[in-house]
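Enquirer: any chance you can model this:
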Amino acid sequence: MWPSISEIIATGVLFAWVVFLVTVLTKKTYMLMLGRGVQDKVAVYYNRKIIHVLAGGLVAFIVPYVFETPLLPLVMALLLGVFTYMPHRVGKLMYWFQVEDNMYEVSFCIMWGVIIALGWLVSGGNFWIGIVPVLFMAIGDSATGFVRNVLFKRRTKSWWGNLAMAAVSIPMGAILGVAGMVAGVLASIIEHFEYPPIDDNITVPLASFIILLLASLYAPSLLSLESISRIIPPPSSF
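Expert: Below you'll find the predicted structure:
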């Protein structure tokens, strides 16, 4: 199935929004935070979480409304992966949200597209089995970041942050039933651990996606794909 004109337009609008967010809007928030005495690294970390929510989270939530297949979201995610990788490659970082220490924003983009696409494929056309793990990564993980930044003023791991993530992720997972809630709990625990060069932008969506996949194969009664389809109909029904 070839993408429709409306899907192509939606892809362009969403891509433009993400580029505007990372190149213009968060640069302004960075300068605003510095002007209010926020430390450079703290401002950078806040910006990374703002991007998580307003790019990864918001766009993921929009996907089922406007796309019939994950082809264009996947292409968009991969292009954004290249877009965020190139500053590292040429040594000209977007300093208001990128750091020399890691390229986690690149893995974020790639996993966003891959997990959404895989979810659509294994569920026979339902986006949500892929979107919910992405929301854990984008919004749930941001809760940990905001809490840790407030408490410690630096990037670190703390179970307080993971509790905040669980408080956000479990209700989001509930839209897919018991399996989604279990996936939210697991994602909130997995986020606490990193195994460089593998980061939590890989482990969180992958682990939670595997839980949902296993539920769909071996315990479908714990997974409520039909209920989310009734709440949010596919774009062809609009």
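
Enquirer: all contacts plus neighbour counts: C-alpha atoms, from now on.
Expert: Will do.

Enquirer: from the centroid of this protein, which residue is nearest?
Expert: With distances taken as Cα atoms, centre = their mean, the residue of the chain nearest its centroid is Ala138 (3.1 Å).

Enquirer: contacts only, for it.
Expert: 49, 52-53, 56-57 (Cα atoms under 8 Å, 6 or more residues apart in numbering).

Enquirer: mind doing that once more with 7 Å?
Expert: 52-53, 56-57 (Cα atoms under 7 Å, 6 or more residues apart in numbering).

Enquirer: now it: how far from Ala219?
Expert: Spatial separation of Ala138 from Ala219 under the definition Cα to Cα, to the nearest Å is 26 Å.

Enquirer: go on, Ala117?
Expert: 22 Å.

Enquirer: check Met181 too.
Expert: 14 Å.

Enquirer: output the contacting helices and strands for whichever strand or helix holds Leu79.
Expert: Assigned by DSSP states H and E, Leu79 belongs to helix 71-90. Where contact means 3 or more Cα pairs under 7 Å, 6 or more residues apart in numbering; DSSP states H and E, helix 71-90 is packed against helix 104-122.

Enquirer: using PDB, list the CA coordinates for the helix it packs on.
Expert: What follows is helix 104-122, C-alpha atoms only, in PDB (Å, rounded to 0.1, in the frame of the first residue of the first chain):
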ATOM      1  CA  TYR A 104      21.600   8.700  23.000                       C
ATOM      2  CA  GLU A 105      19.400  11.000  21.000                       C
ATOM      3  CA  VAL A 106      20.300   9.000  17.800                       C
ATOM      4  CA  SER A 107      19.300   5.700  19.300                       C
ATOM      5  CA  PHE A 108      16.100   7.400  20.500                       C
ATOM      6  CA  CYS A 109      15.200   8.300  16.900                       C
ATOM      7  CA  ILE A 110      16.000   4.800  15.500                       C
ATOM      8  CA  MET A 111      14.200   2.900  18.300                       C
ATOM      9  CA  TRP A 112      11.200   5.100  18.000                       C
ATOM     10  CA  GLY A 113      10.700   4.200  14.300                       C
ATOM     11  CA  VAL A 114      11.800   0.500  14.600                       C
ATOM     12  CA  ILE A 115       9.600  -0.300  17.600                       C
ATOM     13  CA  ILE A 116       6.500   1.400  16.100                       C
ATOM     14  CA  ALA A 117       7.000  -0.400  12.800                       C
ATOM     15  CA  LEU A 118       7.500  -3.800  14.500                       C
ATOM     16  CA  GLY A 119       4.500  -3.300  16.700                       C
ATOM     17  CA  TRP A 120       2.300  -2.600  13.700                       C
ATOM     18  CA  LEU A 121       3.700  -5.700  11.900                       C
ATOM     19  CA  VAL A 122       3.300  -8.200  14.700                       C
END
